[in-house]
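Q: I would like the atomic coordinates for the input below:
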Amino acid sequence: MKGTDFHPVEFLKTLQDVYEKVAVREERSADYLVECEAFWKVLQRRTTINEDSSVLFELYDLNISPSTPDSLVVLHNGHQHLRLNCLHDN
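A: Down below sits the predicted model:
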């Protein structure tokens, strides 16, 4: 949003949407796949998996929506990360 704000809940909804459309339903729209590929590259570049199998997405230096639950954002290696519990290997 305006290049200054980040909305973690919306990001997680987008992640779920991309996964459902590409992995579960195997949609193959060319336009959608280009958009998904760009999203996936950012996700891969900024995601780490910890020894406890927790999955964290390193946040950009943006304003985080004040409606974000505190449990979603953690400090790791001096940077804020978004918990990607949906990608945790149980």
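Q: What residues of the helix of greatest length in the chain count as buried?
A: Among the elements of type helix in the chain, defined by DSSP state H, the one spanning the most residues is helix 30-46. Within helix 30-46, the residues that qualify as buried by neighbour count (16 or more other Cβ atoms under 10 Å) are 36, 39, 43. The way it works is simple: take the backbone N, C-alpha and C, and place the C-beta from them, glycine included.
Q: Could you look up the next helix or strand downstream of it?
A: For helix 30-46, the following helix or strand on the C-terminal side (DSSP states H and E) is strand 47-49.
Q: measure Thr4 to Asn63 for me?
A: Distance of Thr4 to Asn63, given as Cβ to Cβ, to the nearest Å: 6 Å.
Q: more neighbours, the two?
A: Set Thr4 next to Asn63 and count neighbours by other Cβ atoms under 10 Å: Asn63 wins out with 11 against 8.
Q: list the helices and strands the worst-scoring helix or strand of the chain on mean pLDDT packs on?
A: Scoring the helices and strands of the chain by mean pLDDT, DSSP states H and E places helix 30-46 at the bottom, with a mean of 81. Under the contact criterion of 3 or more Cβ pairs under 8 Å, 6 or more residues apart in numbering; DSSP states H and E, helix 30-46 touches helix 8-19, strand 55-58.
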